[in-house]
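In: Generate coordinates for the sequence data below:
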Amino acid sequence: MAKAGRPSSGKGKLLTVRLTPKMRYSVELLARIQRRTSITAVIELALERLLHDKEMGLTNGKGEYLPDLIFDEDEVTCFVNLCLHCPELLTYDEELIWRVIEADKKTYWKAHRTPNYEKIKANWDEINEQAIKARH
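Out: Just a heads-up that it's a prediction; the model follows:
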């Protein structure tokens, strides 16, 4: 088992990755060839390239990098951004939550397709309770 190692910036999180012995050796060879200091650096570079790949990566039809559009340190804001930009990626439970938010235009929306993040955050527990009720 290879560990992704310590994050290069203090903000990263540890990720454990299971590799076959041959795959680990291959990554170690690649690290040597690229003069990288660790297999973590090789894996980060490979992931970065894959994530930005036009066909397989995380770009939309306009070529925008989805994590730049969606990610936020705040979980609720990140969720709402995901719903706005990639509703097709929602799980069933997330769809139920989103339906509650979409249905209450007066409370959770400032204008057309402009969510009121503050009110959504303030009522997050209630929104989830309504979604659970809708599930049953």
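
In: use CA for all of it now, contacts and neighbours both
Out: Noted.

In: Let me see the ranges of the strands in this structure.
Out: Applying DSSP state E to the chain gives strands spanning 2-3, 16-17, 109-111, 114-115.

In: between those strands, which one is nearest to residue 91?
Out: strand 114-115 (20.1 Å; C-alpha to C-alpha).

In: Show the average pLDDT along the closest one.
Out: Throughout strand 114-115, pLDDT has a mean value of 95.

In: Name the strands paired with that strand and say parallel or antiparallel.
Out: strand 109-111 (antiparallel) (DSSP bridges).

In: where in the chain is pLDDT low?
Out: Residues of the chain meeting the criterion pLDDT under 70: 1-11.

In: run the last query once more with 80
Out: Applying pLDDT under 80 to the chain flags residues 1-12, 54-56, 112.

In: just the helices in it please.
Out: With helices called from DSSP state H, the chain shows them at 21-33, 39-51, 66-70, 75-85, 92-103, 105-108, 117-122, 124-135.

In: which secondary structure elements does the third one contact?
Out: Under the contact criterion of 3 or more C-alpha pairs under 8 Å, 6 or more residues apart in numbering; DSSP states H and E, helix 66-70 touches helix 75-85.

In: mind listing what's buried in the helix it packs on?
Out: Neighbour-count burial for helix 75-85 flags 77, 78, 79, 80, 81, 82, 83, 84 (criterion: 16 or more other C-alpha atoms under 10 Å).

In: Leaving out the residues flanking it, which one is nearest to the last one?
Out: Same thing as residue 84. residue 113 (7.9 Å; C-alpha to C-alpha, 6 or more residues apart in numbering).

In: With the third one instead?
Out: Computed as C-alpha to C-alpha, 6+ apart, the closest residue to residue 79 that is not its neighbour in sequence is residue 70, at 7.9 Å.

In: which ones are touching that neighbour?
Out: By C-alpha atoms under 8 Å, 6 or more residues apart in numbering, the contact list for residue 70 reads 78, 79, 81, 82, 85.

In: can I get the buried residues of helix 75-85 in TSV with distance to residue 127?
Out: Below are those laid out as TSV (distance: C-alpha to C-alpha, whole Å):
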residue	distance to residue 127
77	14
78	16
79	13
80	12
81	16
82	17
83	15
84	17
